[in-house]
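>>> Predicted model and sequence below, questions to follow.
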Amino acid sequence: MNIEVNPEWWKELFDEVYLVTDARSVCDEDVTRREIDLLRELIPLSPEHEILDLCGGHGRHSMELHSRGFKKCTVLDYSQFLIDRGRREAGRLGMEITFLQGDARATGLPPESFDHVLILGNSLGYIASPEGDRAILSEAMRLVKRGGRLLIDIVNGATLKSRFNPLAWHEIGDDIVVCRNRSLDGDMVYAREMVISKKSGLIRDNCYSLRIYEPDSMRRLLAQIGFSGVTVLGDFSPFHKIGDYGFMNSRMIVTAQKP
Ligand SMILES: C[S@@+](CC[C@H](N)C(=O)[O-])C[C@H]1O[C@@H](n2cnc3c(N)ncnc32)[C@H](O)[C@@H]1O
């Protein structure tokens, strides 16, 4: 199948349909708790630390951190829908979390204003040019304090390639079916996703692409940007049930420090 992708797809597709198609990954509190459990083991967080949840979507990780006493969280995401949704939900729960809409390549935030920068839930690789991720990671470098940590949770490209699954579908509740057709070309994955309602028909038929990283290519990129002490945990999965969770199946957790 020929998969044609609008290079700007990521500016539009993180909306209410994404919260349905990816609910198993991004709307499951147990999954988020397990992700934060691991993060707590890997970087030294303290309640007075300023934490930036970069490309943080609807803020699920910041809400979990807040509930554990880490109350100085800022979520920045390009999707106005997710930012509005997160701000509303945090407000409803009485959590003071800053939600900002913006581009992670150029946030406009003051330099060295965070103790830690988190890029979680597979949030790199969407911009068509490789310069996009470089710009996001350089911005993370600018924003984190000296000695502060960067933590990235991203699909492990090596595992994804070795177990590449070109066809997958799953059902959500009684009505929704999500069908995905994927192809792999070097370090790029292209996917067509159809979301179908059994009751009312086609909801969405869209294509997207993702640049994937293997532990070594991520190490190299971070070193070029100036991070030190890069560590990679290569095989994290927060899921207890076997299934095809899109790009979320087998992830690498990367930590690095600003010298
Ligand atoms: C798969 S979602 C994960 C969201 C969140 N980190 C989570 O785990 O729930 C990827 C997110 O990255 C955001 N994103 C991608 N590129 C971005 C950019 N250049 N600037 C800001 N946000 C971006 C998208 O809007 C989307 O919300």
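Looks like it arrived, so ask away.

>>> Please count neighbours and contacts with C-alpha atoms only from this point.
Will do.

>>> mind checking how far the most far-flung residue of the chain relative to its centre is from Arg211?
Distance from the centre of the chain peaks at Lys199, with 31.1 Å (C-alpha atoms, centre = their mean). Plainly put, Lys199 is 35 Å away from Arg211 if you go by C-alpha to C-alpha, to the nearest Å.

>>> low pLDDT regions in the chain?
For the chain, the stretches flagged by pLDDT under 70 are 1-2, 239-247.

>>> just the helices in it please.
Secondary structure of the chain (DSSP state H): helices at 16-21, 23-26, 29-42, 60-67, 80-92, 130-143, 157-162, 215-225.

>>> Neighbours of the residue lying closest to Met188 once chain neighbours are set aside, how many?
Spatial nearest neighbour of Met188, excluding adjacent residues (C-alpha to C-alpha, 6 or more residues apart in numbering): Arg211 at 4.6 Å. By other C-alpha atoms under 10 Å, the residues close to Arg211 number 20.

>>> now swap in the one 10 residues further on and tell me
Neighbourhood size, Leu221 [other C-alpha under 10 Å]: 15.

>>> And it, how close does it get to Glu131?
Counting by C-alpha to C-alpha - Leu221 and Glu131 are separated by 11 Å.

>>> What of Leu76?
Noted for Leu76: a distance of 20 Å to Glu131, by C-alpha to C-alpha.

>>> who has more neighbours, these two?
The neighbour comparison of Leu76 against Glu131 (other C-alpha under 10 Å) goes to Leu76, with 25 against 12.

>>> quick one, what contacts the more buried one?
The neighbourhood of Leu76, defined by C-alpha atoms under 8 Å, 6 or more residues apart in numbering, consists of 52-57, 83, 99-104.

>>> out of the residues you listed, which touch the ligand?
With C-alpha under 6 Å from any ligand atom as the criterion, the contacts of Leu76 include 55-57, 102-104 near the ligand.

>>> And those residues, which is closest to Leu160?
Using C-alpha to C-alpha, Cys55 comes nearest to Leu160 of the ones next to the ligand among the contacts of Leu76, at 21.8 Å.

>>> That closest one contacts Thr107, doesn't it?
No - Cys55 lies out of contact with Thr107 (C-alpha atoms under 8 Å); the separation is 10.7 Å.
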